[in-house]
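Enquirer: Kindly generate the corresponding structure for this input.
(chains A and B)
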Amino acid sequence: MNEVLEIAQAYLDLRGETCPFTFVRTKLRLEKMEGGEVLELILDDGEPIRSVPRSMKEEGHHIFRVEELPEDGAYRLLIRKG
Amino acid sequence: MTEETATKLEGLKTSLAQEAQQVRLDLNELKSGGFIKQTQRDLFTVRLRCPGGRVDAAKLSKAAELARKYGRGEVHLSVRQSIEIPYVHYQHLEELAREVKEVDWSVASCGPRVRVPTACAGCSYNPNALVDTQGLCREVDRRFFGTPTGHGKFKMSLSGCPIDCFRTREMDLGFQGIVEPLALPERCTACGLCLKACEDGALKMSSSGEGEPCEGPPVRDPARCTLCGDCIKVCPFDAIVPGKLGWLIRVGGKHGKHPLFAYEVAQFVSDEGVLALIERTLSWYRENGRGKERIGTTLGRLGLAKYLIEVVHPLGLEVIESSEERRRFAAGGNFYHGIA
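Expert: Reported below is the predicted structural model:
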């Protein structure tokens, strides 16, 4: 795999957020961006990481990087707007 | 007693007997047509036919109108998705039935017949759905609704995915959507989203172990996999795609005072396969059933193998033969069959 350093155009930390706002806030943030731009998104483990990525795929966006954050078990995702 | 009185008495007895006879006949006739006698004298509930629980606005308005006109201005939504109009006087049943026909609608069935099939929304609007429950439900209703079974009632339902909202395990015949994931490992980046999406713990990274790095691609445990497709739906790289897709067939379930859970008998069946199987099952039930027993009781009495050999195998479907294969569908519930 190519380890390409991607710099995101936007950043959204949704730790502590609940369904459906995890989805809604991500969607709204992406709506404000141009196609091809990258959003760095932080999601909690559990329900958010289980369900938000799928919703993003269904909306036509591409999650190309997923990393676990060792300090609190949350996840850092890089999403390219479709 | 005078002769005149005696003659009058005889005449009265005869006409009473005739009337009693007629009422008995009428009750059975009426019941077959979806009119159900209530506790209250002379009153009936009219059960309307709503396959898959999808009712357009014209019919919905008509139901409200009929309830106000002939009932007490309210409807009851039954557990099998039908709209029922209670408190209708028997004198109005014929008139009501005619008005129902005016909006291209009909009454449902009761008694020893195939009932209206029920179904979830399926892919008509549910993102979880794997198959078209509404479409197949309409076709099943069109072909089989009201068919006399020769024995007991016959209830069918369709669920679009393994969440199985429409309780296919409790049906005489139940159909549930399933999809087998197909791995394309060259596309996998080991992002791990599929592992997170899977509620059943059926996926593990190939080099998962104590202190080992996760290399991917993921490995699927077929014993835990419920064929729900959540992994397919999430994978951003299309490294997991749909493989076999179709209906899981369940037979022999029922609720009531002595509930039975159905047997899984075939998988990844097409819509055409489902229709052929229903037809064959109804013949088999007619021939092998006894009295008013449900088909689940028949299977318990004669053995599932007979049904598999005589119905499922000849249709060329992908058969679920053994109890080992069926066990995966028990999915960790406290699942019972034939145990009091």
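Enquirer: Show me the shaky parts of the chain.
Expert: Just going to use chain A. Scanning chain A for pLDDT under 70 picks out the ranges A:1-6.
Enquirer: actually chain B
Expert: Along chain B, segments meeting pLDDT under 70 span B:17, B:19-32, B:207-214, B:331-340.
Enquirer: which parts of it sit against chain A?
Expert: Residues of chain B lying close to chain A by Cβ under 8 Å from any Cβ of the partner chain are B:127, B:189, B:191-193, B:196-197, B:199, B:230, B:233-236. (Glycine included, C-beta is placed from N, CA and C.)
Enquirer: Check those residues and tell me the two furthest apart.
Expert: The distance between the two most remote of the residues of chain B next to chain A (Cβ to Cβ) is 24.0 Å, for B:127 and B:189.
Enquirer: Neighbour count: those two, which is higher?
Expert: residue B:189 (17 against 10; other Cβ atoms under 10 Å in any protein chain shown).
Enquirer: So the more buried one is in contact with residue B:216, correct?
Expert: Yes. Using Cβ atoms under 8 Å, residue B:189 is in contact with residue B:216, at 7.2 Å.
Enquirer: Could you export the helix or strand hosting residue A:28 as CSV, CA atoms only?
Expert: For residue A:28, the host element (DSSP states H and E) is helix A:21-31. C-alpha atoms of helix A:21-31 as CSV (Å, rounded to 0.1, in the frame of the first residue of the first chain):
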residue,chain,number,x,y,z
PHE,A,21,-26.2,13.6,14.9
THR,A,22,-23.0,11.6,14.2
PHE,A,23,-24.4,11.1,10.7
VAL,A,24,-26.1,14.4,10.3
ARG,A,25,-23.2,16.6,11.3
THR,A,26,-20.8,14.6,9.1
LYS,A,27,-23.1,15.0,6.2
LEU,A,28,-23.6,18.7,6.8
ARG,A,29,-19.8,19.3,7.1
LEU,A,30,-19.2,17.5,3.8
GLU,A,31,-22.0,19.4,2.1
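Enquirer: Can you spell out which helices and strands pack onto it?
Expert: In this structure, helix A:21-31 makes packing contacts with strand A:10-13, strand A:38-43, helix A:47-58, judged by 3 or more Cβ pairs under 8 Å, 6 or more residues apart in numbering or on different chains; DSSP states H and E.
Enquirer: What is the shortest one packed up against?
Expert: Looking back up the chat, that one is strand A:10-13. For strand A:10-13, the packing partners by 3+ Cβ pairs under 8 Å, 6+ apart come out as helix A:21-31, strand A:38-43.
Enquirer: Looking at these, which is nearest to residue B:74?
Expert: Judged by Cβ to Cβ, the one of the helices and strands packed on strand A:10-13 that comes nearest to residue B:74 is helix A:21-31, at 37.3 Å.
Enquirer: quick check, distance from that closest one to the centre of its chain.
Expert: With Cα atoms, centre = their mean, to the nearest Å as the basis, helix A:21-31 stands 9 Å off its chain's centre.
Enquirer: Please apply the same query to stretch B:79-88.
Expert: 18 Å.
Enquirer: Could I have the CA atoms of that stretch written out in PDB?
Expert: In PDB, the C-alpha atoms belonging to stretch B:79-88 read as follows (Å, rounded to 0.1, in the frame of the first residue of the first chain):
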ATOM      1  CA  VAL B  79     -51.100  -8.200  13.400                       C
ATOM      2  CA  ARG B  80     -51.100  -9.400   9.800                       C
ATOM      3  CA  GLN B  81     -51.200  -5.900   8.400                       C
ATOM      4  CA  SER B  82     -54.900  -5.900   7.600                       C
ATOM      5  CA  ILE B  83     -57.200  -3.000   8.100                       C
ATOM      6  CA  GLU B  84     -60.300  -4.300   9.900                       C
ATOM      7  CA  ILE B  85     -63.700  -2.500  10.300                       C
ATOM      8  CA  PRO B  86     -65.400  -3.700  13.500                       C
ATOM      9  CA  TYR B  87     -69.000  -3.400  14.600                       C
ATOM     10  CA  VAL B  88     -70.700  -3.900  11.300                       C
END
